[in-house]
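Undergrad: need coordinates for the below:
(one chain, ligands or ions: 2)
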Amino acid sequence: MSKIIVRGGRPLNGTVRVHGAKNSVLPILAATLLAEEGSCVIDDVPALDDVYNILEVLSALGVQALRHESRVTLRAHRLISHEAPYELVRKMRASFLVMGPLLAREGKVKISLPGGCAIGTRPIDQHLKGFEAMGAEIGFGQGSVEAKVDGRLRGARIYLDVASVGATENIMMAAATADGVTTIENAAKEPEIVDLANFLNAMGAKVRGAGTGIIRIEGVERLKGVRHTVIPDRVEAGTYMIAAAISGGDVYIEGAIRDHLGPVVAKLEEMGVGIESDDSGIRVFANRPLKAVDVKTLPYPGFPTDMQAQFMALLLASPGTSIVTETVFENRFMHVEEMAKMGADIKIEGRAAVISGGKPLSGAPVCATDLRAGAALICVGLAAEGVTEVTGTHHIDRGYMDIVGKLAALGADISRLGDGEEIPAPAAPAVAASASAPAEPFAVRRSLQTASEERIASDSVAMLRVQPTLA
Ligand SMILES: CC(=O)N[C@H]1[C@@H](OP(=O)(O)OP(=O)(O)OC[C@H]2O[C@@H](n3ccc(=O)[nH]c3=O)[C@H](O)[C@@H]2O)O[C@H](CO)[C@@H](O)[C@@H]1O
Ligand SMILES: C=C(OP(=O)(O)O)C(=O)O
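TA: Ligands and ions are numbered 1, 2, ... in the order given. Prediction:
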């Protein structure tokens, strides 16, 4: 069992570069299913488990994929299946995003029901409501959902009961080649929706209004492959902002886009954290003590639920009472119990967590219950006295590429241990701020990572169970 070991008490200093956004690259890779001609060349694709999983799903459907460093080239000319295999889909909810493009392209699709996860039940009713409105017939099998349509999908007016990111993306992709115009009302407005719309438009689609609550998609005959660079990961950026602040450090987060991080920046400033930004990134510097603040998660442009756990970590280190209200997912406080093992004083009252900050924090063995919980526990570890051992690292690998290497380069005393490896002696303090190296190429990550990363590292030009050349 792999573990991340953190010894707290060192301010982070230097520059860290963020990778392409997980939540952008997953729908964009799914959308490559729509490219009936040409190749899609996607740049700044992070080496994350979720990326490998979706590439495996695409491969099973007949997409040829070739990866070289952070570029993935895909060709989807001839699909060989309309069924997304259970053993791949169950690993990752976002693989459900292939449903819209497959239905549009093949007229039929069968996919396992993604089910809930640690943070909530996460239904898919809004996705299905959209496909149904577009003329698809939906049926349920044993643990799977099937959809088919005679001919092409038809444009429709679809009102989403909740502004679901995934449903907006799935419907946008399905509508791109439908007959007529589709309007999505109460659409999600996240930057990743805009990135997907830009990608689809470059492929030849006619998507207007992405980033607002009403998206209009005029269906076109067919789409072609194009080149696209994924936007920077705002949640990874936000996590390093918290890491900088909680450690009392001074870090430049290269690639972070301030506009995408509005509420995170606003709340950090309210707490007294120093923020400066330019066209290339955001500098975060903190002189404690910080002030307690209240935070409520909301769909974009509100405070992101994917930053809630990490922000809670920072509030633990801020004297006073803060209230964090989670409104997006019904069960996203699993990290509270783990934080309590480190001395956190947090009381849960329904959807709110009341945090009495500024109490002493001490290292402890803790478990990442989900991706952001894992990142948050690492952040608490940076501020805690003694050694924190974080297990459940497979969750962290879904969304953070080389988090250990990046934090170590900023001066954190952090390492990753494989099965049976002993906790190392304290690392010597960093000499100077120097984490400005770009995200490491896949091939050099072998020593830092385990399991899936070993798989990634096995070949610098790795094929993902696909044909050796792009025909
Ligand atoms: C891969 C990806 O991009 N994941 C992000 C995406 O997840 P995802 O797209 O799954 O999240 P949604 O926006 O769909 O979910 C938001 C809320 O809507 C509900 N809901 C959703 C769909 C549906 O058909 N019915 C329904 O009731 C969910 O249970 C949840 O309470 O947006 C979330 C909310 O910002 C983020 O936390 C995830 O990191
Ligand atoms: C919840 C998250 O992702 P997913 O929707 O892929 O589970 C996340 O990125 O924090």
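
Undergrad: which non-adjacent residue is nearest Val162?
TA: Leaving aside its sequence neighbours, Val162 sits nearest to Gln126 (C-beta to C-beta, 6 or more residues apart in numbering; 6.3 Å). (C-beta placed from N, C-alpha, C; glycine too.)

Undergrad: which SS state does that neighbour fall under?
TA: Three-state call for Gln126 (DSSP: H, G, I helix; E, B strand; the rest coil): helix.

Undergrad: which stretches of the stretch 201-350 of the chain form strands?
TA: 206-208, 214-218, 223-224, 227-229, 250-254, 274-278, 281-285, 295-296, 320-325, 346-349 (DSSP state E, counting those that start in this stretch).

Undergrad: nearest to Pro101, of those?
TA: Closest of the strands of the stretch 201-350 of the chain to Pro101 is strand 223-224, at 9.4 Å (criterion: C-beta to C-beta).

Undergrad: hmm, who's touching that closest one?
TA: Here strand 223-224 makes contact (C-beta atoms under 8 Å, 6 or more residues apart in numbering) with Leu34, Ala35, Glu36, Glu37, Gly38, Ala176, Thr177, Leu200, Met203, Gly204, Ala205.

Undergrad: test my guess that the first one contacts Leu103.
TA: So the one you mean is Leu34. No: assessed by C-beta atoms under 8 Å, Leu34 is found out of contact with Leu103, at 10.7 Å.

Undergrad: still on that earlier bit, which of the contacts of strand 223-224 fall in helices?
TA: Counting by DSSP state H, the members of the contacts of strand 223-224 that fall within helices are Leu200, Met203.

Undergrad: element containing Leu29, please.
TA: Assigned by DSSP states H and E, Leu29 falls within helix 22-31.

Undergrad: what about that helix, near ligand 1?
TA: Yes: residues of helix 22-31 contacting ligand 1 under C-beta under 6 Å from any ligand atom: Asn23, Leu26.

Undergrad: any idea how far that helix is from the chain center?
TA: Chain-centre distance of helix 22-31: 10 Å, with C-alpha atoms, centre = their mean, to the nearest Å.

Undergrad: equivalent analysis for stretch 48-63, please.
TA: With C-alpha atoms, centre = their mean, you get 16 Å for stretch 48-63.

Undergrad: show me which residues of the stretch 301-450 of the chain are close to ligand 2?
TA: Asp306, Leu371, Arg372, Gly399.

Undergrad: 8 Å - rerun?
TA: Thr305, Asp306, Phe329, Asp370, Leu371, Arg372, Arg398, Gly399 (C-beta under 8 Å from any ligand atom).

Undergrad: next one: the stretch 51-200 of the chain
TA: With C-beta under 8 Å from any ligand atom as the criterion, the stretch 51-200 of the chain meets ligand 2 at residues Met92, Arg93, Ala94, Cys117, Ile119, Arg122, Gly166.

Undergrad: what lies in contact with stretch 257-265?
TA: Stretch 257-265 is contacted by residues 191, 231-232, 234, 237-238, 241, 275, 277, 282, 301-304, 307, 311 when judged by C-beta under 8 Å, 6+ apart.

Undergrad: write the PyMOL selection for whichever of the residues you listed are buried.
TA: A single PyMOL command selects the buried members of these (16 or more other C-beta atoms under 10 Å):
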select buried, resi 191+231+232+234+237+238+241+275+277+282+303+304+307+311
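
Undergrad: near ligand 1, from the contacts of stretch 257-265?
TA: Answer for these near ligand 1 (C-beta under 8 Å from any ligand atom): Pro304.

Undergrad: most widely separated two among the contacts of stretch 257-265?
TA: The largest separation in the contacts of stretch 257-265, counting by C-beta to C-beta, is between Ile231 and Phe311 at 21.4 Å.

Undergrad: where are the low-confidence patches of the stretch 151-300 of the chain?
TA: 288 (pLDDT under 70).

Undergrad: which of the contacts of stretch 257-265 lies closest to Gly357?
TA: The nearest one, if we look at the contacts of stretch 257-265 relative to Gly357 and count by C-beta to C-beta, is Phe311, at 11.6 Å.

Undergrad: please give me every residue in contact with the nearest residue to the closest one once chain neighbours are set aside.
TA: Spatially, and ignoring its direct neighbours in sequence, Phe311 is nearest to Val295 (5.8 Å; C-beta to C-beta, 6+ apart). Neighbour list for Val295: Lys267, Phe303, Gln308, Phe311, Leu315, Ser322, Ile323, Val324, Thr325 [criterion: C-beta under 8 Å, 6+ apart].

Undergrad: and if you look at Val89?
TA: Counting by C-beta under 8 Å, 6+ apart, Val89 touches Val57, Ser95, Phe96, Ile111, Ser112, Pro114.

Undergrad: so how far is Ala202 from it?
TA: Val89 is 28 Å from Ala202, where distance means C-beta to C-beta, to the nearest Å.

Undergrad: same thing with Asn53?
TA: Distance from Asn53 to Ala202, by C-beta to C-beta: 25 Å.

Undergrad: neighbour count for those two, which is higher?
TA: Between Asn53 and Ala202, counted using other C-beta atoms under 10 Å, Asn53 has the larger neighbour count: 20 against 15.

Undergrad: hang on, the more buried one in a helix?
TA: Yes: according to three-state DSSP, the state of Asn53 is that of a helix.

Undergrad: just checking, it touches Arg93?
TA: No: applying C-beta under 8 Å, one finds Asn53 not in contact with Arg93, separated by 10.2 Å.

Undergrad: got a markdown table for the contacts of Val89, with secondary structure too?
TA: Output for the contacts of Val89, formatted as a markdown table (three-state DSSP):
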| residue | secondary structure |
| --- | --- |
| Val57 | helix |
| Ser95 | helix |
| Phe96 | helix |
| Ile111 | strand |
| Ser112 | strand |
| Pro114 | coil |
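
Undergrad: farthest pair in the residues you listed?
TA: Greatest spacing in those, by C-beta to C-beta: Val57 and Pro114 (11.8 Å).
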